[in-house]
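Enquirer: 3D, please:
(chains A and B)
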Amino acid sequence: MAHFNSRRDFLSVGSLGFLGLTLSEYLQAAATTSTYKGKANAVILFWLEGGPSHIDTWDPKPNSNFKPISTNVAGIQVSELLPKIAKKMDKLALVRSMHTRGNDHPQATHYVITGHEINPAMQFPSVGSIITKELGPRNAVPAYVLAPKWDKGRQYEDYFRAAFLGGDYDPMCIPDPSRPNFQVTDLSLPKSVSQASVESRSAFLNVVDRHYRALNDTADHANVDAFTAQAWKMILTPAVRDAFDLSKESDKTKERYGKDPIGQSALLARRLVEAGSRFVTAAGYHSASWDTHSDNDKIHKDRLTPPLDRTLTALIDDLDERGLLDTTLVIAMGEFGRTPVINPNLGRDHWPNCWSMALSGGGVKTGQVIGASDDKGYNVADRVVSMGDLYATIYKALGIDWRKEYMSPIGRPIKIANSLDDRTGEPIAELLG
Amino acid sequence: MRTIGILLIFMTAGWSAPQVVFLKTIPAQATLQYAGASQQFVAIANYADGTERDVTGEVEWRLSNPSLVKLIGPARVAAAKDGPLTITAVLAGGARAQSSLRIQGSQTERPFSFTRDIGGILTKRGCNQAACHGGVKGRGGLKLSANALYPKDDYEWITKGGTYQVLTAEVKGERIPRVDVKNPEESLLLNKPTMVKPHGGGKRLEKDSDDYKVILAWIKNGAPYGAEDDGKAPKLTRFDVTPSLAAVPVDGQRRLLVTAIFSDGHSEDFTNQVLYSSSNGDVATVSADGIIKGKGLGETAIVVRGAGQVASAGVGVIGPPIANYPDVPRSNFIDEPVFAKLKKFHIIPSPVADDATFLRRVCLDLTGTIPPPERVRQFVASKDVRKREKVVDALIASPEFVDYWTFRFSDIFRVSIFANGLTPKWSQKYWEWIRSNIETNRPYDEVARERISAEGYGAASRHFLPYNQVGPPNDVMAEEVRVFFGRRLDCAQCHNHPYENWSQDQFWGMAAFFSRVFKTGPVVFDHPTNMDLSSADVDGKIQLLHPRTKAPVLPALLDGSRANLTPESNPRKELARWMTSHPYFAEAAVNRIWGQFFGRGIVDPVDDFRSTNPATHPELLAALASDFREHGYDLRRLMKTIVMSRTYQLSDVPNATNKDDLVNYSHALPRPLDAEVLLDAMVDATGIPEVFATAVTDGSAVGQAPKGTRAINLKDPDMYFSRFLELYGRPNRGAIPERSVHPNLGQALHMLAGSTYADRLGAKDSRLARLLESGASDAKIFEEFYLAALGRFPEPDEIQSLEQTLVKRGDRETGLREFVWALTSSREFAENH
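Expert: Numbering: from 1, shown residues only, chains lettered A, B, ... in the order given. Sure thing, here's the model as predicted:
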């Protein structure tokens, strides 16, 4: 059920009446006949910012300047730029028929992260916020984390937020974990604050707010207390601080993931999921965007695919070794693919019409390809997969009812798995048992 | 008529029977035209304690000429024979009242009208509710218009059948008519709602009911469309619901009367021909024949739906009457409707706020700035009886006023690099335009006209270049309507609005005013229709196609008229002229400004006017709107009028009668400060300015705003990163911002461990550091900080407790820093009250 602005609760709840539904009817309509036993309980989104060229990575074609290579699954080939991934194909599922909207980065990112096109009248909750809300937090660890946050282009960060679901489901945005002085602000008390300090602060606060709160005890005040208690718990619980502490990882592990923003973000994501986070976006590719409008081949080969190849396989192996792979859904995707035809700058431009993404873990049946593109990678030839279908698959893997709708504050129902043409997405049956 | 038992009067809330001052019957007069016409009567008693009660079921009803009518329900009569008669109600105790009734044409059948007769039944029986066949896609293959708003469409779907599709005008599937004129009793329209055939909506109609008989007779008659086809029959134009605002105690009852007004001026009783629903069943319920019952204290609306019409009545469920209700003084025209309603609802407003509370509140509401300690001291000490008005004038004339309202309008008008063409220079120009409008107090209608029709390279035209592209006309129009009319047409884009009377045709007619907006380079213009359209910057023919019918749409105003467009005219100029002289414009503007001062609009949300979201104080809204219009849409004048009202100046301290009131302005309600205002208040209270950097990269900034820049003066939210502002809900202006500051975990963490607080507490040259250096005493420091942060003097018991805590702490300087932390983390600091 949607999270209502508490000041408007009084009217908002009542305003369902005009739809001819009582509140209980509405809740019943939105509630699940939940018999889904999804295995996964967390998601790592390996965010390939900028949009990888699908024909040069997951879906090799003759018009790519790279050759296809065989993988350890018969019948599946990937680009030669992904040798390690090729040996890990049994643990990956590829979708080669993604068909989405948004020709430009903001529009496409918004679309891929929320399932809806940008609309000035409405803000949509992101898939991360929805999953955080549906699954709830674990172990006092921040449930939804964006690692790292953007330095520029901050509106992308907004797409990852919770919109009308409320600030509880906004991501915690942290800096680049590969930096030497990496520290998560707000999770570590300043050195000046000792235990005595904590008590003294509380004592002063009680005096200061005494009169005011006696007169004006609103729902917000109760919430402030609840959040403050929760915040203290997070700050003072070693397990939470440790989850963000990469120094607890061996150098060997760090090497394995790669000592760069891409590798360390993925490593941090694994730590967080291990500690209890629900949805972590490993977004190290902020600093090395896949957006190769020029020199596509060179940049893909030299800069972009090696980290993907190395880090994705390291992540899968690491999760597997720790017994977390079955319960952690790993999603590797960007916001679109790239044009199958090379442009005058030897680059490839945006292509949302037909592109590829990869999944691993989370109970997904791996070692297979879903859908197919045409001979050059322009159009979907078989099995269009919309964002709604992908979301529906993800939700089902997590045990969430993908047919749910949230009620936005203006009374418009919002599907959580929004497919093309105002339909609800369908989970990809082949991927889930 | 028999008198029903008078037990009701003793059952309600333990009242003893007060004295009846007078009795009245409603309506005072009525005419029943045609066979079967009926009228419901209501008797209302007014009592010495100021209350009124529905005593319809308690009075004895007497008819002067009983042969003229048939009694068909409690206090409800139907026409039998022509002639005049009087109806008298007599209450035990002697009070009496009288209404006159005229019966005419009682032997003539009323001409059949599909809208009224069949559409009315479909509405009353709930068939066309949004959850059922009136939903966006219809249900079970049958699509009806909500509230029978489009009877011709309904007629098509019923008589021809077929499945409605949202995105195209094509009919899907096999066409099975819902009426069978050869075998009327086999019609689906009858069999389904009576459950002879399975019906997802359950039993909606009984076979022996009048409605069933009407439908059956209609089908037997060949299912004609009826009277409205020839355009001569009078049309139903609106419903009047009486009372428009009812006040009942818990368990009290009140009967509604619904009168339909027709285009030829005549009116008819529709009380039993409409569907009633309550917007909040916890506050009040309503029966199928329109009797409201109070359930729990509060306020809600009863929505009435009938043949193509929607109306609503407000209901307050109120506490017991108040003996010796005080005389509340009025300061200006705002106060009368507010206090009259409070009196009706048995709520006593709180007294006027004390000087310190008033000063902090009005400083925040007019300038977004908390008053410095010296100002508080001065104001509280001053004996000038006109000091409040003088301070209001001074604030309105201050530079901070311009800063603050530029900030507010930058929100509503969306100043941001991405929204204004991806160029900082352009968003700067746009911001400057907004700022100069505030500075010169430019009439708001002029501002609106310039914005709606902005073209060329001008500052306001930058609004039409989100991401340096012209937005689609549907999005652009919907935003202008929302910003300037306070109406959200958006839902009508893809289908008729599910519950308001906005049609998809109206939506696209309005969108067509924006369909010729183009850009060439940085210039925005409207392509004239009479020019060759195959130019390099235009992609093919400029045509706006209706998404369902695929036909080209011509610009049409909401009322359907075409506006005086020539091939060369900028259609948006005509639209702008029409919009700013339309009544919606002034009422939306005053409502928005009102919302800034009270935390809630008279219609709330402030840009969501709809029939199912009525104003809490319709006369107040109308009075403010006409005052605004009559005085040249002067924003400063409007704001001064608001803050000089007694209503605005009431204390936030509630009393027993008003503590649960959230919508009637009986006392001031605390409102959390918005992110920028809160951050600026932190800066002012602690004396340490905030550094706003562009693209924070581990603290090493690429660029910085000049030292001392205030948060409300940051033009582009997307240029300056601030953790604090993000946590406290600074919006991305990519959509119309809806700020909502509620506590969340991030804020709590930041307060405990974040830099905004931590860095300030121990800083050199802070307010605390300077006070310590000057050798100020503890009491002095406490007082300075209370004044600086909370705008008031500390109470003696507070000073005492603070001193005790400080002494216990031991380390004076550290303790005082913790005191400052507590002050700036308190709710009193973070809220405007």
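Enquirer: now the helices for chain A?
Expert: Listed in chain order, the helices of chain A (DSSP state H) span residues A:9-14, A:23-30, A:83-86, A:105-114, A:127-135, A:155-159, A:195-215, A:219-236, A:238-243, A:251-257, A:261-275, A:296-299, A:305-321, A:387-398.
Enquirer: Show me the one of those that comes nearest B:Pro371.
Expert: Closest to B:Pro371 of these is helix A:195-215 (CB to CB; 17.7 Å). C-betas here are computed from N, CA, C, even on glycine.
Enquirer: What count of nearby residues applies to residue 222?
Expert: As the question left the chain open, I've gone with chain A. A:Ala222 sits with 12 neighbouring residues when counted by other CB atoms under 10 Å in any protein chain shown.
Enquirer: um, chain B though
Expert: Neighbours of B:Gly222 using other CB under 10 Å come to 9.
Enquirer: Surely B:Gly57 and B:Ala89 touch.
Expert: No. Under the criterion of CB atoms under 8 Å, B:Gly57 makes no contact with B:Ala89, lying 10.9 Å away.
Enquirer: neighbour count winner among the two?
Expert: Shown here are B:Gly57 and B:Ala89; by other CB under 10 Å, B:Ala89 has more neighbours (26 against 16).
Enquirer: before we move on, back to that, of the helices of chain A, which is nearest A:Leu329?
Expert: Here helix A:387-398 is closest among the helices of chain A (CB to CB), at 5.4 Å.
Enquirer: how far off helix A:105-114 does that closest one point, in degrees?
Expert: Helix A:387-398 and helix A:105-114 are oriented at 40 degrees to each other (axes from the mean of the first three to the mean of the last three CA atoms, to 10 degrees).
Enquirer: Once you drop chain neighbours, what's closest to A:Thr228?
Expert: B:Ala748 (4.8 Å; CB to CB, 6 or more residues apart in numbering or on different chains).
Enquirer: how close does A:Arg241 sit to chain B?
Expert: As judged by CB to the nearest CB, to the nearest Å, A:Arg241 and chain B stand 11 Å apart.
Enquirer: Report pLDDT for the closest residue to chain A within chain B.
Expert: Ranked by CB to the nearest CB, the top residue of chain B for proximity to chain A is B:Asn280, at 2.9 Å. Looking at B:Asn280, its pLDDT reads 88.
Enquirer: What number of residues are in the vicinity of it?
Expert: 25.
Enquirer: Would you check that it makes contact with B:Gly298?
Expert: Yes. Under the criterion of CB under 8 Å, B:Asn280 makes contact with B:Gly298 at 7.0 Å.
Enquirer: B:Gly134 belongs to a strand, doesn't it?
Expert: No. With DSSP: H, G, I helix; E, B strand; the rest coil as the criterion, B:Gly134 is assigned coil and is not in a strand.
Enquirer: ok, it - contacts?
Expert: Listed by CB atoms under 8 Å, 6 or more residues apart in numbering or on different chains, the contact set of B:Gly134 reads B:127-128, B:144-147, B:498.
Enquirer: try 6 Å
Expert: Residues in contact with B:Gly134 (CB atoms under 6 Å, 6 or more residues apart in numbering or on different chains) are B:128, B:144, B:146.
Enquirer: Against B:His495, how distant is it?
Expert: Remark: distance between B:Gly134 and B:His495 (CB to CB, to the nearest Å) = 11 Å.
Enquirer: So, low pLDDT: which residues of chain A?
Expert: For chain A, the stretches with pLDDT under 70 are A:1-36, A:120-121, A:151-154, A:191-192, A:410.
Enquirer: err, the stretch 151-300 of chain B, not the other one
Expert: Low-confidence segments of the stretch 151-300 of chain B (pLDDT under 70): B:227-231.
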